[in-house]
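Visitor: For reference, the sequence and a predicted model appear below.
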Amino acid sequence: MKYTSFILAVVLAMLHISCISQKMEKKTESADSLLLNIYNSYYEHRQNYATDQSAGRDSIMQRFKNELKSYLSQPQYAQLDFKALKSHPNVHIITSEDQKLKIFSWDLLNGGTNHTYDNVFVWIDEHKTQTGKINNDESMYLKAYLLPDNSYLTIAYGTKGAGTDYYTLRKLSWQNQHFTDCEACFEGENKLVYTKPRADDSYPIYNITSKTISFPEYRKEEETGFFKPTGDTTILKYTNGKFTK
């Protein structure tokens, strides 16, 4: 009798855990779907600069950011993959190797060939989360590599006028509840901005094994104002916390 009661108790406990798990899955799925629906609405109204802010693109985007930050402030949501949201071609979500940093970036769809991006990050540490924006950047984040000193090498993509685009590389450290750039960590600069013709399929490559950044060089011609390849390749190696030649 006691054995039967024990088995029954175990079964009931497992059913209870299963129900809780299913409810949580439904909540997380609905959160992911809600964010995608809001961004889809923003996409549909991207040219609506209505003075009635309830229908205009700005109010929709503000709702998107508010909902995203609200969900990310809760650990059970912050660790989601957000598969539905990142299925949108104008939204990119990256996660660092140590799973502590997740960056959401998206196209603001301002029109034309230039693209401006916004971002929200969530920092997850010991089941606590903090959200914010990586400042001084209008790029779409593509990668976040964990470096030996527990900082992150981030690579982001952006566009400029005159048929050019660029990649921004930053070395970010979590300090005093926000991310800070490493001073003079890229040949004396706080960040590395790699500009090239948009038609050229070239970009900076970070080699995890050798801890080097490499990219083909371009030089802007004074007469035409266009960027032309020099035929050389720049290689920066991670040494003593900085990337140098």
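Guide: In hand now; what should we look at?
Visitor: where along this structure do the helices fall?
Guide: 2-44, 57-72, 75-78, 83-86 (DSSP state H).
Visitor: Domains in the protein, by residue range?
Guide: According to automatic domain parsing, the chain comprises the domains 1-88, 91-245.
Visitor: per-stretch mean pLDDT over the ones you listed, give me the minimum one.
Guide: Lowest mean pLDDT of those: domain 1-88, a mean of 76.
Visitor: coming back round to it: quick check: which of the domains of the chain has the most neighbours on average?
Guide: domain 91-245 (a mean of 16; mean count of other Cβ atoms under 10 Å). Where C-beta positions appear, they are placed from N, C-alpha and C, glycine not excepted.
Visitor: ends of it, how far apart?
Guide: Terminal residues of domain 91-245 lie 34 Å apart, using Cα to Cα, to the nearest Å.
Visitor: again with stretch 180-193
Guide: Start to finish, the residues bounding stretch 180-193 are 17 Å apart (Cα to Cα).
Visitor: and what of stretch 139-155?
Guide: 9 Å.
Visitor: contacting residues around that stretch?
Guide: Outside stretch 139-155, the residues within contact range by Cβ atoms under 8 Å, 6 or more residues apart in numbering are 92, 94-98, 101, 103, 105-107, 115, 117, 119, 134, 156-158, 166-173, 182, 204, 206, 208, 211, 213, 238, 241.
Visitor: Could you list everything the spatially most central residue of the chain pairs with in the sheet?
Guide: Nearest to the mean C-alpha position of the chain, by Cα atoms, centre = their mean, lies Ile103 at 3.0 Å. As for beta bridges, Ile103 partners with Ile94, Phe121 under DSSP bridges.
Visitor: ok, it - contacts?
Guide: 93-94, 119-121, 134, 141, 144, 154.
Visitor: and those as TSV, adding distance to Ser41?
Guide: Shown next, in TSV, are the contacts of Ile103 (distance: Cβ to Cβ, whole Å):
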residue	distance to Ser41
Ile93	19
Ile94	24
Asn119	20
Val120	18
Phe121	23
Ile134	25
Tyr141	23
Ala144	28
Thr154	29
